[in-house]
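In: Sequence first, predicted coordinates after that:
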Amino acid sequence: MNIIVCIKQVPNTTDVRIDPVTNTLIRDGVESVINPFDAYAIEEAVRLKERCGGKVTAVTMGPPQAETALKEAIGLGCDEAVLVSDRKFAGSDTWATSYTLACAIEKLEAYDVIICGKQASDGDTAQVGPGISTHLDIPQVTYVKKIVEINDKSARVERMTEEGYDVVEVPLPCLFTVVKEINTPRMPSLKGMMRAKSAKIAKWTAADLDADPAALGLDGSPTRVVKIFTPEARKGGEMISGSTDEVAKELVELLKGEVV
Amino acid sequence: MASIKILLDKCTGCTLCVKTCPFGAIHMADRKAVIDMAKCTLCGSCVAACKFSAIELEKSGGPRKDLSAYKDVWVFCEQKKGVIQSISFELLGEGRKLADKLGVKLCAVLLGHDMETAAGKLGERGADKVYLVDHPALAAYQDDPYTAVLVKLVEEYKPEALLCGATTIGRSLISRVAIKTNAGLTADCTGLDVDTKERLLLQTRPAFGGNIMATIIAPNHRPQMATVRHKVMQEAPVKPGRGVEIVSNVYPEETFASRSKLLEVVEEIANTVNISEADIIVAGGRGMGGKENFARLEELAKVLGGAVGASRSAVDADWIGYSHQVGQTGKTVVPKLYFACGISGQIQHLIGMQSSKVIVAINKDPDAPIFKVATYGIVGDVNELVPALTREFKRALNK
């Protein structure tokens, strides 16, 4: 089974602090990590390989330093990795990003399953996964929480909904976006880390893809930012002190309007 | 290929762009801004921030398209088991304002089976027109037929804006429709407005990690598509008896074909209220000290008719299930009242709850960041304070 996992390198939000004076992000010392939701995608891809045999290829679009994320993915069990990187991709919104990734995937050998995290932690759009499946014209199942059964023709999966879950049968090739509930990602193994160190990452530019140049980067992106502003920081309010009973009484008085 | 440059004669060296750049790609040299192209992503934030029009972002695109055929504001109305979901009423409320400003009709799009009665009622929620497509294959959401039908409707009737809920269904569907119709799509808008002159939908959303807001447009593409999370907008008020025009559309059978097959819809009976729906949330974190103490939160939630939430560390410690997790890797909630009990207030948690109307924080550590966003803060022991609050609320509410 040929499995592709699409990942994104994002700033580690655990490191992100907000400057109390300017209310802007303090970026110094913020390291880049694999999007937390993609860790579940990688793990599921590797588990599928362990279950069905085959190969996992990790793909990312990003700046040259995104290579680190791909090495990490190899450390976690992916076999091969492709970095799609070019200044021509700068300014891509989700339309252009999913187009570029779809073009990269078409260049790879035939695949059975594509797995993405449900969304990236920096953009939070959840649009790129469905975008890729649409560009490739393959079926998708989003918010997958369990792959119940899979063979080389089809899969039966559980798709998380607001109320519970749907059971969906889908023919392969198809694309899944996965949620946190699907698995517990493993730690990189020593062997994996050694492999990651020596792994060769394929690097593709726009010229390597069979892509319409007008559909790449900012030119291929319907949306653009016109205004940027820092919202007024929510101000800390009133501190209430006193004995437990006093505090409880005062708080109930203050909140009366909210609880009726 | 698109490019960006600083117009040196206009740059005053004010450094506003340096502070704005989400990627740290701008620095000053000889009191002029310099862009490090290795870091720049052409996101346009600096262009939007510069007060002197000193940064030029050039996009090489085709000629400006004629967009005049596109009119009306559409709302995709989500239904489950034939019941229109409340997110749809929220979008109709917001859509009504936008349609009025633009001087166009507000149209609801309803896909389902045997939905005529429900469709007829959408006038009472502000819709002027309902585009209804009725077919058994649309009874429950499936990616393929829903995408195919919505794409056909968009191509035939050409709305200028299309709003959709940022729900499981909405996000899966609208992303596909935006690709197929070559439209701009902005996720999770927290503010919507229109530029009536240019007929642009001004879509504001948190960007680059949450504490910067960006307003996004799609100047040369129609429809302009946006998703909005549940509870962010106000529901449209009910106007009893307000009528609506229903436009029923029939499409060839192959439009409704689905490659995937929905075998079963399972509803898990939750013993607590769904936190995304709750008006009051009592949430606990690591400071609760243990699984057994979450029972105290449940009691308070029960008295208030609310739901129990949790921080990631409480979920990771297995004190409570993942469906209760609030924050970046959990759910975003916007209740009227949020109790943060023993939650320190890591940024990942704050992102998920800081839009709550009133926040009450209880924590032992007076320096906990949660106090910076709390409406009311109490330094103290949660395991004493929560039961005391439960008692007092019981009394006040005569329970």
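Out: That came in fine, so what should we check first?

In: contacts and neighbour counts: CA atoms only from here.
Out: Noted.

In: can you tell me which residues contact B:Ser60?
Out: Shown in contact with B:Ser60 (CA atoms under 8 Å, 6 or more residues apart in numbering or on different chains): A:219, B:1-2.

In: where's it relative to A:Gly220, distance?
Out: Distance, B:Ser60 to A:Gly220, using CA to CA, to the nearest Å: 9 Å.

In: I'd like the next helix or strand past the helix or strand of chain B with the lowest mean pLDDT.
Out: Sorted by mean pLDDT, DSSP states H and E, the helices and strands of chain B end with helix B:347-353, the least confident at a mean of 85. Downstream of helix B:347-353, the next assigned helix or strand under DSSP states H and E is strand B:358-363.

In: what's the helix or strand following that next one packed up against?
Out: Counting by DSSP H and E, the next helix or strand C-terminal to strand B:358-363 is strand B:376-379. Judged by 3 or more CA pairs under 8 Å, 6 or more residues apart in numbering or on different chains; DSSP states H and E, strand B:376-379 is in contact with strand A:238-239, strand B:358-363.

In: what pLDDT, on average, does stretch B:81-88 get?
Out: Average pLDDT, stretch B:81-88: 96.

In: Quick one: mean pLDDT over stretch B:1-8.
Out: 90.

In: List the buried residues of that stretch.
Out: Buried residues in stretch B:1-8, defined by neighbour count with 16 or more other CA atoms under 10 Å in any protein chain shown: B:1-4, B:6.

In: gap between the two ends of it?
Out: End-to-end distance (CA to CA), stretch B:1-8: 22 Å.

In: Also stretch B:205-224?
Out: Its start and end residues considered, stretch B:205-224 measures 15 Å (CA to CA).

In: Equivalent analysis for stretch B:241-249, please.
Out: End-to-end distance for stretch B:241-249, by CA to CA: 24 Å.

In: Number of residues surrounding the closest residue to B:Asp193 other than its chain neighbours?
Out: With sequence-adjacent residues excluded and distances taken as CA to CA, 6 or more residues apart in numbering or on different chains, B:Asp193 is closest to B:Leu202, at 5.0 Å. Other residues within reach of B:Leu202, judged by other CA atoms under 10 Å in any protein chain shown, total 22.

In: For the host helix or strand of B:Leu202, which strands pair with it and how are they oriented?
Out: Taking DSSP H and E as the definition, one finds B:Leu202 inside strand B:200-207. Using DSSP bridges, strand B:200-207 pairs in its sheet with strand B:191-195 (antiparallel), strand B:212-217 (antiparallel).

In: you'd agree A:Val247 is up against A:Ser241?
Out: Yes: using CA atoms under 8 Å, A:Val247 is in contact with A:Ser241, at 6.1 Å.

In: how about stretch B:336-353 against chain A, any contact?
Out: Yes: legend: contact between stretch B:336-353 and chain A by CA under 8 Å from any CA of the partner chain is shown at B:336-337, B:346-348.

In: List the buried residues in that stretch.
Out: B:336-353.

In: residues near the residue nearest to B:Glu94 when sequence neighbours are not counted, how many?
Out: Nearest residue to B:Glu94, sequence neighbours excluded (CA to CA, 6+ apart): B:Met233, at 6.6 Å. Residues lying near B:Met233 (other CA under 10 Å) number 19.

In: next one: B:Lys39
Out: Per other CA under 10 Å, the neighbour tally for B:Lys39 reads 13.

In: The one 3 residues further on too?
Out: B:Leu42 is surrounded by 23 other residues when neighbours are defined as other CA under 10 Å.

In: Can you classify the residue nearest to it when sequence neighbours are not counted as helix, strand or coil?
Out: In space, B:Leu42 comes closest to A:Gly91 once its chain neighbours are excluded; the distance is 4.4 Å by CA to CA, 6+ apart. Three-state call for A:Gly91 (DSSP: H, G, I helix; E, B strand; the rest coil): coil.
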